[in-house]
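K.L.:
Would you be able to build a 3D model of this:
(2 chains)
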Amino acid sequence: MTAEEDPHQPVGAYVLHALPPNEEAAFERHLDDCHACRREVAELAEAAVRLAPAGAAAVPADLLDRVLDEISRTPQEHTPTGPPPGRRKRQLTSWALAASLAAAATFGGIAAWQSVQADDARDQATALQNAKNALTNVLTAPDATVHTTKLADGASAAVVVSRATDRAAFVAGDLPALSGDKVYELWYAAPSGGLHPAGLLPGSGGRSARVLERPLGKTVAVGITVEPAGGSRQPTTEPIGIIPIGS
Amino acid sequence: MPSTAYDEEPEPPAEDDAHSVEALLVRAADGDKGAFTGVYQALARPVMGLACRILHDPAQAEEVTQEVMVEVWRTAHRYRPERGSAKGWVLTLAHRRAVDRVRHAQAAAQRERRAGMVLAGREHDEVAEAVEDDDERRRAQECMARLARMYRIPLVLAYYQGLTYAEVAAALSTPAGTVKSRMRTGLRLLRDCLEAR
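P.N.:
Numbering: from 1, shown residues only, chains lettered A, B, ... in the order given. Okay, here's the model as predicted:
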């Protein structure tokens, strides 16, 4: 095998920031599907950072003030804005949970079910990337709020809601694997009490995250049930969790 | 540089868990500006040191340091303590920024000229200068010195000069694929050496 044929070969150049932008983007797509590569990136990056000079150069005394001034105008990623003061801490904690679950989920490539129809690996990679981008968009929306709950089986779940973009995402920590051909199905609950299918999660369980299908509209809660493969048009079992999301 | 305008005495970062740079960075991710200031005090100088080394221009290095610290604030939630030190994470961001900057500020020809100086024998200085009297650094220098030249040179040109692997290949008249593969092997050997203590 020559160097050019091995898709892992750019890992050293990647860690050294020595790939041109197009090759870097291509390698990052490869990373999404290559657990071993991500581990190698982490290992080699640890070595690369040891090349940094020990010499700590003096910085101007006023640089800290300039930085503090700039960050006071710079919103942080993944931090919901404008929660009521009393709820801030709890909400941030929930947020941190959801964000880390989502990060774990997307890194583990568990969004793959989004692309079950894509047989070609390239299509699959693109679909996976699109699913991740959609998920990231909801999770990073400036008005995103997080609503958490424990499901009947004890797994943690969260719904991230962005009313501004009219979308929501569902994130779960450790869904139990289902027997037979069953899947998890998510539901939007309307103020009238009506339920609308909002997407499926694979019965393999584990860490799961996905953007819910269809715009959020006036939805007041998100529910999750266990359904036969392919999902149902209306729930056929008792919900294992209902997460109110306000209105 | 007039020393009066500069902080000369950095406060050493506290080592206990609650006040480690890692803990401060995690708190900064939740919007804690006091904790962020602690992160800045611990890491702005190493960031500036790395940016100076790559850019050879204190004014630009200062801009990069400011950009990096703002990026640290903005993206602090991405840092995962279980995956490595806060310093490593921040210096990786800094390296990225400094390399982007040097590629925009200096034409490839200019960087390759500098690469020529490195190849003419100054490359050892690039490492030696980086070394001070701390054990970790001495170890890094020893390991770099132990690397065969064919692995060491591509690492030095990419890390300190901001050359892409294709530019390294041109500077060394070596096939690009070979350079790519040597960068990977070189980092692997460096890591093995650093771990074997």
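K.L.:
So which residues of chain B form helices?
P.N.:
Shown for chain B, the helices assigned by DSSP state H span residues B:21-29, B:33-55, B:58-75, B:86-105, B:108-117, B:123-129, B:135-146, B:149-161, B:165-172, B:176-195.
K.L.:
Export the second one to PDB, keeping only CA atoms.
P.N.:
These are the backbone C-alpha positions of helix B:33-55, laid out as PDB (Å, rounded to 0.1, in the frame of the first residue of the first chain):
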ATOM      1  CA  LYS B  33     -15.200  35.600  33.900                       C
ATOM      2  CA  GLY B  34     -13.100  35.400  37.100                       C
ATOM      3  CA  ALA B  35     -12.200  31.800  36.200                       C
ATOM      4  CA  PHE B  36     -11.400  32.900  32.700                       C
ATOM      5  CA  THR B  37      -9.100  35.600  34.000                       C
ATOM      6  CA  GLY B  38      -7.200  32.800  35.900                       C
ATOM      7  CA  VAL B  39      -6.900  30.800  32.600                       C
ATOM      8  CA  TYR B  40      -5.600  33.900  30.900                       C
ATOM      9  CA  GLN B  41      -3.000  34.500  33.600                       C
ATOM     10  CA  ALA B  42      -1.800  31.000  33.500                       C
ATOM     11  CA  LEU B  43      -1.700  30.600  29.700                       C
ATOM     12  CA  ALA B  44      -1.400  34.000  27.900                       C
ATOM     13  CA  ARG B  45       2.400  33.900  28.100                       C
ATOM     14  CA  PRO B  46       2.900  30.500  26.700                       C
ATOM     15  CA  VAL B  47       0.500  31.400  23.900                       C
ATOM     16  CA  MET B  48       2.400  34.500  23.200                       C
ATOM     17  CA  GLY B  49       5.700  32.500  23.300                       C
ATOM     18  CA  LEU B  50       4.400  30.100  20.700                       C
ATOM     19  CA  ALA B  51       2.900  32.800  18.500                       C
ATOM     20  CA  CYS B  52       6.200  34.800  18.600                       C
ATOM     21  CA  ARG B  53       8.200  31.700  17.600                       C
ATOM     22  CA  ILE B  54       6.000  31.100  14.600                       C
ATOM     23  CA  LEU B  55       5.400  34.700  13.500                       C
END
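K.L.:
List the contacts of the nearest residue to B:Val99 once chain neighbours are set aside.
P.N.:
Counting by CB to CB, 6 or more residues apart in numbering or on different chains, B:Val99 lies nearest to B:Gly162, which is 4.1 Å off, once chain neighbours are set aside. The way it works is simple: take the backbone N, C-alpha and C, and place the C-beta from them, glycine included. Residues counted as contacts of B:Gly162 (CB atoms under 8 Å, 6 or more residues apart in numbering or on different chains) are A:17, B:54, B:98-99, B:102-103, B:111.
K.L.:
Pick out the one among those with the largest number of neighbours.
P.N.:
Neighbour tally across these (other CB atoms under 10 Å in any protein chain shown): the maximum, 27 neighbours, falls on B:Ala98.
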